[in-house]
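Asks: just need the structure, nothing else, for what follows:
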Amino acid sequence: MIKGSCLCGDIRFETAAAPQGASMCHCNQCRKQSGGVWSSAFVPDAELTITGDVGWYYASELAKRGSCPRCGSFLFWKAHDEDTTSFALGAVDGPTGLTLTKHIFTASKGDYYDIADGLPQKD
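Replies: Here you go, the predicted model:
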């Protein structure tokens, strides 16, 4: 079981499903919302329990982003046409048991760091 929460604890989530696609996102939106790189993994919507009043921001015609209205923690990313939700690995309480598989949107990464871990990179 993976459990997590926002900084203030108003939003909590849990899943018994095996998360997939652990990745680091370097897109402009993730950088602006998180202040850096955003790490996440996804599970089927039916396998993710979220408690609390998530504030959903419709960031584009493709996806929405979920955060805590009280503390501002950026917790979720959800494509409008998919039945999965990504959750912030940094918000997980305790070890995740996951290993990163890739970096995405690397063409948008900040110029103040290098990606040097040898994982696949997708522009």
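
Asks: which stretches of the chain form strands?
Replies: Here the chain has its strands, by DSSP state E, at 2-5, 12-15, 20-25, 38-44, 48-51, 55-57, 63-67, 74-79, 84-88, 102-104, 121-122.

Asks: what does the last one contact?
Replies: Residues outside strand 121-122 that contact it (CB atoms under 8 Å, 6 or more residues apart in numbering): 102, 103, 104, 105, 106, 115. For every residue, glycine as well, the C-beta is placed using N, CA and C.

Asks: show me what the lowest-mean-pLDDT helix or strand in the chain is packed against.
Replies: The least trusted helix or strand in the chain, going by mean pLDDT, DSSP states H and E, turns out to be helix 28-34, with a mean of 92. Contacts defined by 3 or more CB pairs under 8 Å, 6 or more residues apart in numbering; DSSP states H and E place helix 28-34 against strand 63-67.

Asks: angle of the strand it packs on against strand 74-79?
Replies: Orientation check (axes from the mean of the first three to the mean of the last three CA atoms, to 10 degrees): strand 63-67 against strand 74-79 gives 160 degrees.
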